[in-house]
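Student: give me a model of this one.
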Amino acid sequence: MLDETRRFLRKVDQDLRNLDVLDLVPRLTLILLILYAGDFWYLEVPLRVLCVGALLYRPVYRSGVFWFLVTCFLFAANYEHWYSIDNHKYLMTYWAIALTCTSFLGGVPGQRRVLARNAKLLIGLCMAFAALWKVISPDYLDGRFFRFTLITDPRFASVAEVAGGLGPAEFYRNRTLARSLRVGTRDAPVVEEVELVDTPRLARVAGVLTWWTIGIEALLALAFLLPDRWPPGPRWRHGLLLLFAITTYSIATVIGFAWLLIIMAVATVPPELPRLRTLYVAVFLLMMVYTGSWATLVLPVLRWLGAI
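Tutor: Presented below is the predicted three-dimensional model:
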């Protein structure tokens, strides 16, 4: 059984090495769009039909017309809901534009270079603007952003409970009160001020998350925007992104964003580092087991080790 597993994994690794990036990256993008493109039926239904058809018939996802249609659907949905969609939905649209432009180019080598260049710039600029926004936002630098997020955002409920010592009942109360500030609820009308439950441990956790996020996003911005011949080089660049994805999205389980970054990173993997593709695909699959309850398994171990 063990030998068969090893042979299977070696075959998967070899197949991923041999697969053209112009096949691997669009296929991963199609999976992303099928599962995480949006929550609006007029986007989900036509986009899923298009993407499933493209997965079944290779010439479709090699077509610039196909990616142009995908871009149009994404742009229309984002325009209609620009005030409420997640930030990475905009990045997803930019990536669809990059795939559109690449697909209309002639010559496979040129397509690979353009795709890699666009992916590198999108990751670098995304991280640069993310770090810049955090640095110029006083309510982020002093930890208030993460403190509020930890005690009200359901994606951080496990972290708040295990690392911050906030009980489930207290978290539910915080979430209800925070929602009443915006739209009100059946049990609580719209109010202008509420008092949320907090703990001293949560303040420390928020501080760690605040500066860790700024630091690694700034390093990623430099790593992807600097030329390849400059340090840190491709290996360090991809190592940083893998570290960012594995750590960040184990806590903030925004899997669509994680997949998008991984897909763009795959497009930038140089030919001399083929095993990085396999590693990225493995992390891509790992994200599927990251759920809101993942932290309840990981964080107790970190606490036992004295890391938090």
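Student: tell me what the longest helix anywhere in the chain is packed against?
Tutor: Counting by DSSP state H, the longest helix found in the chain is helix 108-135. Other elements packing on helix 108-135 under the criterion 3 or more C-beta pairs under 8 Å, 6 or more residues apart in numbering; DSSP states H and E are helix 21-36, helix 87-104, helix 138-141, helix 200-225, helix 255-268. In this view, the C-beta of every residue, glycine as well, is placed from N, C-alpha and C.
Student: swap the cut-off to 7 Å and go again
Tutor: For helix 108-135, the packing partners by 3 or more C-beta pairs under 7 Å, 6 or more residues apart in numbering; DSSP states H and E come out as helix 21-36, helix 87-104, helix 200-225, helix 255-268.
Student: any idea which of the ones you listed is most buried?
Tutor: Mean neighbours per residue, mean count of other C-beta atoms under 10 Å, is largest over the helices and strands packed on helix 108-135 for helix 255-268, with a mean of 24.
Student: state the next helix or strand along the chain beyond that helix.
Tutor: As assigned by DSSP states H and E, the chain's next helix or strand after helix 255-268 is helix 275-286.
Student: now that next one against helix 255-268, angle please.
Tutor: Angle, helix 275-286 to helix 255-268, by axes from the mean of the first three to the mean of the last three C-alpha atoms, to 10 degrees: 170 degrees.
Student: C-alpha coordinates for helix 275-286, CSV please?
Tutor: Extracted in CSV, the C-alpha atoms of helix 275-286 (Å, rounded to 0.1, in the frame of the first residue of the first chain):
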residue,chain,number,x,y,z
ARG,A,275,9.0,20.9,-8.1
LEU,A,276,7.6,24.2,-6.9
ARG,A,277,4.5,23.4,-9.1
THR,A,278,3.8,20.3,-7.2
LEU,A,279,4.3,22.1,-3.9
TYR,A,280,1.9,24.8,-4.9
VAL,A,281,-0.7,22.3,-6.0
ALA,A,282,-0.3,20.5,-2.7
VAL,A,283,-0.9,23.7,-0.8
PHE,A,284,-3.9,24.5,-3.1
LEU,A,285,-5.4,21.2,-2.0
LEU,A,286,-4.5,21.8,1.6
